[in-house]
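Peer 1: please find the sequence and the predicted model below.
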Amino acid sequence: QVQLVESGGGLVQAGGSLRLSCAASGTSSILPMGWFRQAPGKERDFVAAIGRTGSYTGYADSVKGRFTISRDNAKNTVYLQMNSLKPEDTAVYYCAAKNSYISGWYRSSYEYNYWGQGTQVTVSS
């Protein structure tokens with residue numbers, strides 16, 4: 001069973017940066033992965049996703065140019081570098097993995113089979 005563990009969340013001032021990590025265990029497979037976020041009272045939204053090799057990435061319009069997704073397949077870990085953070089980025093951030101050997105990335109949360117427990121990101125104004 002694939003397990004995902006996020007880390008790196010915290011409290012930061014507007015304009016600051018954070019880097020989230022998501023380590024996958026329980027599998028030697030390299031899977032497409034994504035980051036989603038959920039603010040209180042809101043639905044879980046797509047943030048960014050990355051294909052198996054790291055060559056393909058996709059972003060929500062709201063984070064394009066500020067966030068960067070990357071991966072280290074030797075460590076089976078995906079990262080989300082978040083720069084120029086805004087108060088509206090405040091949310092619980094979840095990473096997800098999909099059982100797929102096809103190159104490419106996936107936007108919909110329904111595509112993903114495995115989820116982490118989430119890490120809180122709070123951006124103060």
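Peer 2: Cool, the structure landed.

Peer 1: show me where this protein has its strands.
Peer 2: Counting by DSSP state E, the chain forms strands over residues 3-7, 10-13, 18-25, 33-38, 44-50, 57-59, 67-72, 77-82, 91-97, 114-115, 119-124, given from the N-terminal end onward.

Peer 1: so which of these is nearest Ser108?
Peer 2: If you check each of the strands of the chain against Ser108 by CB to CB, strand 44-50 wins as the nearest, at 7.4 Å. Bear in mind the C-beta positions are built from the backbone N, C-alpha and C, glycine included.

Peer 1: if you count neighbours, what's buried in the closest one?
Peer 2: For strand 44-50, the buried set under the neighbour-count rule, 16 or more other CB atoms under 10 Å, comprises Arg44, Phe46, Val47, Ala48, Ala49, Ile50.

Peer 1: again with stretch 100-112
Peer 2: Under the neighbour-count criterion of 16+ other CB under 10 Å, stretch 100-112 has Ser100, Trp105, Tyr106, Ser109, Tyr112 buried.

Peer 1: what's the answer for stretch 51-65, then?
Peer 2: Of the residues in stretch 51-65, Gly51, Arg52, Gly58, Tyr59, Ala60, Val63 count as buried by neighbour count, 16+ other CB under 10 Å.

Peer 1: farthest-separated two in these?
Peer 2: In the buried residues of stretch 51-65, two members sit farther apart than any others by CB to CB. They are Arg52 and Val63, at 21.5 Å.

Peer 1: okay, the buried residues of strand 44-50 in a markdown table with distance to Val5 next?
Peer 2: Below are those laid out as a markdown table (distance: CB to CB, whole Å):
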| residue | distance to Val5 |
| --- | --- |
| Arg44 | 18 |
| Phe46 | 21 |
| Val47 | 18 |
| Ala48 | 18 |
| Ala49 | 18 |
| Ile50 | 17 |
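
Peer 1: reformat those residues as CSV; add distance to Leu11 and pLDDT.
Peer 2: Rendered in CSV, the data for those read as follows (distance: CB to CB, whole Å; pLDDT from 0 to 100):
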residue, distance to Leu11, pLDDT
Arg44, 21, 97
Phe46, 24, 98
Val47, 19, 98
Ala48, 21, 98
Ala49, 26, 98
Ile50, 26, 97
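
Peer 1: Asp72: which of those residues is nearest?
Peer 2: When those are ranked by distance to Asp72 (CB to CB), Ile50 comes first, at 11.1 Å.
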